[in-house]
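Peer 1: just need the structure, nothing else, for what follows:
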Amino acid sequence: MNEHPHASSAPIRLGYVLSLSGAVGGNGQAARLAHQIWLDDINRRGGLLGRPVELICHDDQSDASKVPALYRRLMDDDQVDLVFGGYGTGTLLPAMPTIMARQRFFVGLMGLGVNNTLGYPNYFAMIPTGPDPNAALTEGFFALAAEQHPRPRTVGLLSADAEFSRNPILGAKANAAKYGFEVVHEATYPLATADFTPVIDAVAKSRCDLLFLCSYLQDSIGLVRAIHAHAFRPGMVGAAMIGPQNATVKASLGPLLNGFVNYEYWVPSPGLMFEGVQGLLETYRARAASAGVDPLGHYMVPLAYAQMQVIAQAVEATGGLEDAELSAYAREASFETVMGTVKFGVNGEWTTPRVLQVQFQGVEGHRAEQFLDDSKQVVVSPRSMASGRLIYPYVLAF
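Peer 2: Numbering: from 1, shown residues only. Below you'll find the predicted structure:
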């Protein structure tokens, strides 16, 4: 039983662990603001089950080793009614043994393939990568490449030596094989790498037609700068970089991003303007400056808010806080969110993938405001949501 000991008038306490500092602290802080906006909205409407809602959040400092103890603290010391997942594989995966041992209902944010091997039935992924998340993240990149003329033949795979990159690399290899590309270079680099010139020198020797990158925030910046300064020009470059989705990173790199192709989960494109998302982002942007977070919020905010909508709808539909009942409901229901209709399937992943690949085109200067629409980050895949055409091969500027 997860009912609060102080009866029905007491607040419902939802607890989670989030990276508010460290390597991915910027993304975590944006998610935190989205969660706070949801909290304000839900309490303005009377809370859940007629009770006010509280959020209890602990910072894991982007350190996976801290996560299990923080979840135990939430459940044992803070006595939260429900727990939910923080941002990314680095937080979600180390939480899973504790969550599984206690059979908790658990909605995670953006972890890629977290439940692929665990198969925990009470886990649900707020990420639009669908039933084959490893492949779906980057399939658009390879599918686009296969349509180009002259058709590229080879690919180089370059990734950070970190937990988050393992599943995307598996997916990249599967997609390379599916679309008939030969892997001619594969390398990893330490997350602490400061000088990427030797890394790109080594890739250049392979003369690969495509360059697949799986990188984090700071190394994404370093890689973009190193590639821009290098003579090597693959036909397409990007695919699985964490960082260029963030408005601060976009503004910092500016025109250096032109030509890069990379995944996104949401951009301000007509096909993605689901009910409520525009108002959410307006509220977020009004608070972002004083909170010191990503000024646009396109990457984190819709999914983080939708995560809380799923939890709220499950609680209201079941009329309680029982983990088993919430999980059973979530396995069967469809949820209406600011990310559109969400339905969970195998391993708690979305039944239908909706990963975008965008190409940066015509970026000028370093103003974040130029990314308020999709004119500088053109959706090139999937075709059903495309807002423009891929410019191929990769060049420095347009």
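
Peer 1: surely Ala328 is in a strand?
Peer 2: No. Ala328: not assigned to a strand; according to DSSP: H, G, I helix; E, B strand; the rest coil it is helix.

Peer 1: so what pLDDT did it get?
Peer 2: pLDDT, Ala328: 98.

Peer 1: cool, and the one 5 residues further on?
Peer 2: We have a pLDDT of 98 for Ala333.

Peer 1: same question, Ala95
Peer 2: 98.

Peer 1: check which element follows the helix or strand where it lies along the chain.
Peer 2: Using DSSP states H and E, Ala95 falls within helix 89-101. Using DSSP H and E, the helix or strand that follows helix 89-101 in sequence is strand 106-109.

Peer 1: just so I have it, where are all the helices in the protein?
Peer 2: Along the chain, the segments classed as helices by DSSP state H run 25-44, 67-76, 89-101, 133-136, 139-146, 163-178, 197-206, 217-229, 247-253, 277-291, 301-318, 323-332.

Peer 1: buried residues, the first one. List them.
Peer 2: Right, the one you point to is helix 25-44. Using 16 or more other Cβ atoms under 10 Å as the test for burial, helix 25-44 gives 25-39, 41-42. Quick note: C-beta positions are derived from backbone N, CA and C, even for glycine.

Peer 1: one step back: among the helices of the chain, which is nearest Met110?
Peer 2: helix 301-318 (6.3 Å; Cβ to Cβ).

Peer 1: elements contacting the helix holding Ala95?
Peer 2: strand 12-18, helix 67-76, strand 106-109, helix 163-178 (3 or more Cβ pairs under 8 Å, 6 or more residues apart in numbering; DSSP states H and E).

Peer 1: which one of the ones you listed is the most hemmed in?
Peer 2: strand 106-109 (a mean of 27; mean count of other Cβ atoms under 10 Å).

Peer 1: got a pLDDT number for His4?
Peer 2: The per-residue pLDDT of His4 was computed as 42.

Peer 1: quick one, which of the helices of the chain gets closest to Gly15.
Peer 2: helix 67-76 (3.7 Å).

Peer 1: ok, Arg389 - contacts?
Peer 2: Arg389 makes contact with 378, 380, according to Cβ atoms under 8 Å, 6 or more residues apart in numbering.

Peer 1: could you measure from it over to Ala143?
Peer 2: 14 Å (Cβ to Cβ, to the nearest Å).

Peer 1: Leu372 too?
Peer 2: From Leu372 to Ala143 the distance is 28 Å (Cβ to Cβ).

Peer 1: quick one on the thing from earlier: and Gln278, which of the helices and strands packed on helix 89-101 is closest to it?
Peer 2: Nearest of those (Cβ to Cβ): strand 106-109, 21.0 Å.

Peer 1: tell me how far that closest one is from the chain's mean position?
Peer 2: 12 Å (Cα atoms, centre = their mean, to the nearest Å).

Peer 1: who does that strand touch, helix- and strand-wise?
Peer 2: strand 82-84, helix 89-101, strand 123-126, helix 301-318.

Peer 1: output these in a markdown table; the columns should cover mean neighbour count and distance to Glu336.
Peer 2: A markdown table is the format used below for the helices and strands packed on strand 106-109 (neighbours: other Cβ atoms under 10 Å; distance: least, Cβ to Cβ, whole Å):
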| stretch | mean neighbour count | distance to Glu336 |
| --- | --- | --- |
| strand 82-84 | 25 | 19 |
| helix 89-101 | 21 | 24 |
| strand 123-126 | 28 | 14 |
| helix 301-318 | 23 | 8 |
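
Peer 1: so which of these is nearest Trp266?
Peer 2: In terms of Cβ to Cβ, the element of those nearest to Trp266 is helix 301-318, at 4.8 Å.

Peer 1: if you count contacts, what does that closest one end up packed against?
Peer 2: Looks like helix 301-318 contacts helix 25-44, strand 82-84, strand 106-109, strand 123-126, helix 277-291, helix 323-332, strand 334-337 (3+ Cβ pairs under 8 Å, 6+ apart).

Peer 1: ok, Asp132 - contacts?
Peer 2: Asp132 touches 171, 353, counting by Cβ under 8 Å, 6+ apart.

Peer 1: dihedrals phi and psi, it?
Peer 2: phi -120, psi 70 (degrees, to the nearest 10).

Peer 1: change the start of the numbering to 34 and stick with it
Peer 2: Yep, numbering from 34; the last one is Asp165 now.

Peer 1: do you know how far it is from Asn380?
Peer 2: 10 Å.

Peer 1: so which residue is smack in the middle of this protein?
Peer 2: Met143 (4.2 Å; Cα atoms, centre = their mean).

Peer 1: thought that residue was touching Ile160?
Peer 2: Yes. With contacts counted by Cβ atoms under 8 Å, Met143 reaches Ile160, the gap being 4.8 Å.

Peer 1: what touches both of those two?
Peer 2: 298, 336.

Peer 1: what count of nearby residues applies to Val388?
Peer 2: For Val388, the neighbour count with other Cβ atoms under 10 Å is 22.

Peer 1: give the contact list for it.
Peer 2: 161-163, 169-170, 172-173, 296-298.

Peer 1: go again with 6 Å.
Peer 2: 161-162, 169-170, 296 (Cβ atoms under 6 Å, 6 or more residues apart in numbering).

Peer 1: who wins on neighbours among those?
Peer 2: Highest count within these by other Cβ under 10 Å belongs to Leu170, 28 neighbours.

Peer 1: residue contacts, that residue?
Peer 2: Counting by Cβ under 6 Å, 6+ apart, Leu170 has contacts 162, 201, 204, 296, 388.

Peer 1: so for it, what's the pLDDT?
Peer 2: 93.

Peer 1: for Asn155, which residues are in contact?
Peer 2: 138-139, 360.

Peer 1: okay if I get these as JSON lines plus distance to Asn291?
Peer 2: Formatted as JSON lines, the contacts of Asn155 follow (distance: Cβ to Cβ, whole Å):
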{"residue": "Phe138", "distance to Asn291": "44"}
{"residue": "Phe139", "distance to Asn291": "40"}
{"residue": "Ser360", "distance to Asn291": "45"}
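
Peer 1: which of these lies closest to Gln346?
Peer 2: Phe138 (12.7 Å).

Peer 1: please determine how far that closest one is located from Pro335.
Peer 2: In terms of Cβ to Cβ, Phe138 sits 22 Å off from Pro335.
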